[in-house]
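Fold the following and give me the result.
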Amino acid sequence: MVKISVVIPVYNVEKYLEQCLDSVTTQSFDDIEIICVNDGSTDESLNILKQYEIKDCRVKVISQENRGVGAARNAGIKISSGEYIYFIDADDYLELTGLEEMYDLSQQMDLDLLIFKLVTFDDETGERNYNYSDMPFLLDIGKEVVSYTDFKKDLFKVDVTVYTKFFRKELVEDKRFLEGLIFEDNAFYFDYIFDAARIHFYDKCLHYRTIRKNSLITAASRNHTNLIEVYENIYQKFKDRGLYEEFRESLFMRKVDSFHYRFTLINPKYKNEYYSLMKSDFTAQKDEYEREFDLEKIDKRTKRIFSAAIESDNYVEFEDNLKPKKKDNSSSNAKLIKILKKFKRKS
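Numbering: from 1, shown residues only. Next up, the predicted model:
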């Protein structure tokens, strides 16, 4: 058994692939297997993978028809044999000592999950953001090893991306990413976090995340409507574990905020479709919201977005209803006029 399985989904990333593979094959920690899942690439990605497979026996290449990143990661999980598992996308790269630091900390602390930070790297401008995944609330706990119960109130503030996680493979065996959807790692995170009894936050950036304007997330296409199905899956995971009532209001606020955030980003030509689906989803939850939720636990912003989505007739009206309302100064102006008139009479 190798110590670490590194799973890399690959789809039409010939421009970035060598940098990613070089960052993994030259790691200071070498007891690894590198599972590259070619997800139906039509560019030179597969040829590049084959070249690395020939020169490095740790590289394993498997191919499948294009089914998306979730399916590619699942295929990698199935054949992985490591004690730990790490997921990296083919347009990203790692610190040279990244895997060594992940493994050593996980061994020393007997961890189920190591959470660390990433650096975002803008592909066009070269700008780097080292604070993208700051999570000071995990440092404020004051413990080296925690479980989710130690940060319940901040559970939804943790960066859900898999790039900032180092997993114990044993706990991944029965888990899978959603397939055919974007935001597939959201549900995976919540499925795993409840089983991770020993978690540590490492306040250091180990992963470099490339920001591409034509990526699935930043392209803001019709696929953003996948978020509705993703949250149905997340809700079900909480219910299956008997945790839904405890986290109901926090989960609701996270959902409303996520839906609204994606609405602000989505391509305008898909906004009406996205808004209609969002309104239908919110309307379906309206009775539960009014009957069972503790409304004192829900912030004003969430209430405003939720109500506006239900009450508006279309996405333009929804946007208008969320704009800050101008204060009505008519009454105060009237008072000022009266004072001026009174003053004028006296003079």
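
Which residue ranges of the stretch 51-200 of the chain form strands?
Ranges of strands in the stretch 51-200 of the chain, per DSSP state E, counting those that start in this stretch, are 59-64, 84-87, 93-94, 113-122, 128-129, 165-168, 199-211.

who's in contact with residue 43?
12, 13, 14 (CB atoms under 8 Å, 6 or more residues apart in numbering). All C-beta spots, glycine's among them, are computed from the backbone N, C-alpha and C.

out of these, who has the most neighbours?
Most neighbours among the contacts of residue 43, by other CB atoms under 10 Å: residue 13, with 23 neighbours.

Residue 91 is in contact with that one, correct?
Yes - Residue 13 lies in contact with residue 91 (CB atoms under 8 Å); the separation is 5.0 Å.

Report the set of residues contacting both of the two.
Shared contacts of residue 13 and residue 91, defined by CB under 8 Å, 6+ apart, comprise residue 20.

Straight-line length of stretch 164-180, end to end?
With CA to CA, to the nearest Å as the measure, stretch 164-180 spans 22 Å from end to end.

For residue 126, list the residues it contacts.
By CB under 8 Å, 6+ apart, residue 126 lies in contact with nothing.

now it: how far from residue 163?
The gap separating residue 126 from residue 163 is 20 Å, by CB to CB, to the nearest Å.

Check residue 203 too.
For residue 203, the distance to residue 163 (CB to CB) stands at 16 Å.

Compare these two (neighbour count), which wins?
A count of neighbours by other CB under 10 Å puts residue 163 above the other of residue 203 and residue 163, at 20 against 12.

re the thing from before, distance to residue 3 and mean pLDDT added to the strands of the stretch 51-200 of the chain, as JSON lines?
Conversion of those to JSON lines gives the following (distance: least, CB to CB, whole Å; pLDDT from 0 to 100):
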{"stretch": "strand 59-64", "distance to residue 3": "16", "mean pLDDT": "98"}
{"stretch": "strand 84-87", "distance to residue 3": "7", "mean pLDDT": "98"}
{"stretch": "strand 93-94", "distance to residue 3": "15", "mean pLDDT": "96"}
{"stretch": "strand 113-122", "distance to residue 3": "14", "mean pLDDT": "94"}
{"stretch": "strand 128-129", "distance to residue 3": "30", "mean pLDDT": "92"}
{"stretch": "strand 165-168", "distance to residue 3": "11", "mean pLDDT": "98"}
{"stretch": "strand 199-211", "distance to residue 3": "16", "mean pLDDT": "95"}
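
Quick one, which of those gets closest to residue 151.
Residue 151 lies closest to strand 199-211 among the strands of the stretch 51-200 of the chain, at 8.8 Å (CB to CB).

Which secondary structure elements does that closest one sit against?
Applying 3 or more CB pairs under 8 Å, 6 or more residues apart in numbering; DSSP states H and E, one finds that strand 199-211 makes contact with strand 93-94, helix 98-108, strand 113-122, helix 136-140.

Residue 32: which of those is closest?
For the helices and strands packed on strand 199-211, proximity to residue 32 was assessed by CB to CB; helix 98-108 is nearest, at 6.5 Å.

In that closest one, which of the residues would be classed as buried?
Going by neighbour count (16 or more other CB atoms under 10 Å), the buried part of helix 98-108 is 98, 99, 100, 101, 102, 103, 105, 106.

Any chance of a markdown table for those residues, columns pLDDT and distance to residue 141?
Output for these, formatted as a markdown table (pLDDT from 0 to 100; distance: CB to CB, whole Å):
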| residue | pLDDT | distance to residue 141 |
| --- | --- | --- |
| 98 | 98 | 24 |
| 99 | 98 | 26 |
| 100 | 98 | 26 |
| 101 | 98 | 21 |
| 102 | 98 | 20 |
| 103 | 98 | 23 |
| 105 | 98 | 17 |
| 106 | 98 | 19 |
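
Show me the two of those that sit farthest apart.
98 and 106 (12.5 Å).

got CSV for the strands of the stretch 51-200 of the chain, with distance to residue 273 too?
Below are the strands of the stretch 51-200 of the chain laid out as CSV (distance: least, CB to CB, whole Å):
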stretch, distance to residue 273
strand 59-64, 30
strand 84-87, 31
strand 93-94, 36
strand 113-122, 29
strand 128-129, 32
strand 165-168, 33
strand 199-211, 26
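
what's the closest of those to residue 51?
strand 59-64 (9.4 Å).

List the neighbouring strands of the closest one plus their orientation.
Next to strand 59-64 in the sheet, as set by DSSP bridges, lie strand 32-39 (parallel).

The partner strand vs helix 98-108, what angle?
Angle between the axes of strand 32-39 and helix 98-108 is 120 degrees (criterion: axes from the mean of the first three to the mean of the last three CA atoms, to 10 degrees).
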